[in-house]
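1. Below is the sequence, then the predicted model.
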Amino acid sequence: MRIIELMKIKRPFVSLEFFPPKDQALWPRFFETVEKLKTVNPLFVSVTCGALGSGQEYTKEITIRLKKDFKLEVMAHLTCINSSSDKLHSLLKALLEAGVDNVLALRGDLPQDKTFDYKEGEFKHASDLISFLRKYYPQFGIAVASYPEGHPESLSLEEDLKFLKLKLDRGADFAITQLFFDNNIYWKFLEKARNIGIDKPIIPGILPVTNLKTLERILSQCGASIPEQLSKDLHIAHEKGGAEAVKALGTEYATMQIKELLNGGVPGVHIFTLNMASTCLNIFRTLNLI
Ligand SMILES: Cc1cc2nc3c(=O)[nH]c(=O)nc-3n(C[C@H](O)[C@H](O)[C@H](O)COP(=O)(O)OP(=O)(O)OC[C@H]3O[C@@H](n4cnc5c(N)ncnc54)[C@H](O)[C@@H]3O)c2cc1C
């Protein structure tokens, strides 16, 4: 079923994002994590793909298994800059045949070593992928990425919002945000989006911090900011109590963020789980969402 239809039935909801482990020997453990997190009754789960579409086969396989074996509503992440319409047709047909109804349509990050010029490719932006999907696969539910602090390449938040509107106008059903740690950034972004006529859902994406190194890597890649006080508190927690103290603070902070967003009336929250069951379960228990 298309996720946008499910959103009309269940509100508020949680959704969960997983990444496919690169080493297949780790898949049984990954499926145990999914089994545990299934208890939170997510509206849908999404499965990331690697940069430039690498590992798209694993994304496909895991997405299909989560649908068939775990009976979860699923959404496969799909990047387009390094792809061709032939490649996309074969992937999308396989997803449809397996009963997958939803994709997250992405451009994907540019290669850091500039190995190719994406402007030469068949698909330059996520909006091109959405036009392709709507032309050949109108039955798919489509989500897109959005950036409350602006995409790192964009000249301004206003310009980036114009392109978000284009993606939604071309037929995407809803957007999921990049992570943010200050809910005010999300509320202001939502207001700006509504002011330019975006009326589709913009679901906040929340990252529970579990590890300082992972956090630094993610922040350097996605360009999101962290409030100075939270950064200080995480470092103090690390000095005093090590990894466990960081995880405890990250869990508490994400719980506070989610509670405030739900109280503020968001339709649901999307959790970047990093495949960590215990952190997510602690959050959902505290919020009485299990
Ligand atoms: C929730 C979420 C999940 C993600 N999952 C993955 C994943 O699984 N795998 C992965 O590799 N990456 C993932 N990403 C990261 C994403 O691929 C990168 O942020 C990428 O750099 C941009 O993708 P996009 O779909 O937002 O691109 P676009 O919407 O194409 O935007 C990219 C840039 O181009 C600008 N732009 C857009 N349209 C136009 C246009 N028509 N003309 C000129 N400029 C334009 C935008 O303002 C922006 O600066 C995810 C991001 C989010 C928020």
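-> Cool, the structure landed.

2. how about the strands in the stretch 101-250 of the chain?
-> Using DSSP state E, counting those that start in this stretch, the strands of the stretch 101-250 of the chain run over 102-106, 141-146, 174-179, 202-206.

3. Let me have those strands in TSV, extended by mean neighbour count.
-> No exception for glycine: its C-beta is placed from N, CA and C like everyone else's. Formatted as TSV, the strands of the stretch 101-250 of the chain follow (neighbours: other C-beta atoms under 10 Å):
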stretch	mean neighbour count
strand 102-106	24
strand 141-146	25
strand 174-179	21
strand 202-206	24
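
4. any chance of the ones you listed in JSON lines, with mean pLDDT and distance to Leu43 too?
-> Formatted as JSON lines, those follow (pLDDT from 0 to 100; distance: least, C-beta to C-beta, whole Å):
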{"stretch": "strand 102-106", "mean pLDDT": "98", "distance to Leu43": "11"}
{"stretch": "strand 141-146", "mean pLDDT": "98", "distance to Leu43": "12"}
{"stretch": "strand 174-179", "mean pLDDT": "98", "distance to Leu43": "11"}
{"stretch": "strand 202-206", "mean pLDDT": "98", "distance to Leu43": "10"}
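
5. Present those as TSV; the columns should include distance to the ligand.
-> Converted to TSV, the strands of the stretch 101-250 of the chain look like this (distance: least, C-beta to the nearest ligand atom, whole Å):
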stretch	distance to the ligand
strand 102-106	4
strand 141-146	3
strand 174-179	4
strand 202-206	5
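
6. Among those strands, single out whichever gets nearest to Ile218.
-> strand 174-179 (7.3 Å; C-beta to C-beta).

7. who are the neighbours of that closest one, in terms of helices and strands?
-> helix 3-9, strand 141-146, helix 157-169, strand 202-206, helix 212-222, strand 268-272 (3 or more C-beta pairs under 8 Å, 6 or more residues apart in numbering; DSSP states H and E).

8. cutoff 7 Å now
-> Other elements packing on strand 174-179 under the criterion 3 or more C-beta pairs under 7 Å, 6 or more residues apart in numbering; DSSP states H and E are strand 141-146, strand 202-206.
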